[in-house]
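**Student:** no sequence for this one, just the structure:
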């Protein structure tokens, strides 16, 4: 059965938002690159709260069934938005 690699980006709705780590588990995704992992970690560090978000999104990816979608409402409940039109799905064997 083919699998699908889903990719999307998220941004905080406030300039000092802490990344909701539990959303990685909930949506079964991971940061897409080492730079994205750094952004997640940096948002969790106390001193990062003194620095406003630089405006760049965090890219996430995960393996799911064809019709999977990120849980937009749940992300929003944690103060993060799924970037509009960022969700793409790639079929893999």
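**Tutor:** Thanks, I have it. Bear in mind that the values here come from a model prediction, so they are computed numbers and not experimental data.

**Student:** show me where this structure has its helices.
**Tutor:** Using DSSP state H, the helices of the chain run over 22-26, 34-44, 72-77.

**Student:** which of the ones you listed has the lowest average pLDDT?
**Tutor:** The minimum mean pLDDT among the helices of the chain belongs to helix 34-44 (a mean of 91).

**Student:** any low-confidence regions in this structure?
**Tutor:** Across the chain, the ranges flagged by pLDDT under 70 are 46-49.

**Student:** sorry, back to before: can you lay out the helices of the chain as a markdown table showing mean neighbour count and distance to residue 84?
**Tutor:** Glycine gets a C-beta too; all of them are placed from N, C-alpha and C. Shown next, in a markdown table, are the helices of the chain (neighbours: other CB atoms under 10 Å; distance: least, CB to CB, whole Å):
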| stretch | mean neighbour count | distance to residue 84 |
| --- | --- | --- |
| helix 22-26 | 13 | 18 |
| helix 34-44 | 14 | 19 |
| helix 72-77 | 14 | 10 |
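
**Student:** go ahead and confirm residue 71 touches residue 25.
**Tutor:** No - if you go by CB atoms under 8 Å, residue 71 and residue 25 don't touch, sitting 11.6 Å apart.

**Student:** what sits against residue 36?
**Tutor:** Residue 36 makes contact with 58, 59, 60, according to CB atoms under 8 Å, 6 or more residues apart in numbering.

**Student:** do you know which of the helices of the chain lies nearest residue 15?
**Tutor:** With CB to CB, the closest approach to residue 15 among the helices of the chain belongs to helix 34-44: 11.0 Å.

**Student:** returning to what we had before: please tabulate the contacts of residue 36 in a markdown table and include distance to residue 6 and neighbour count as additional columns.
**Tutor:** Formatted as a markdown table, the contacts of residue 36 follow (distance: CB to CB, whole Å; neighbours: other CB atoms under 10 Å):
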| residue | distance to residue 6 | neighbour count |
| --- | --- | --- |
| 58 | 15 | 23 |
| 59 | 11 | 18 |
| 60 | 9 | 23 |
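
**Student:** what about the strands in this structure?
**Tutor:** 3-12, 30-31, 58-64, 80-82, 88-92 (DSSP state E).
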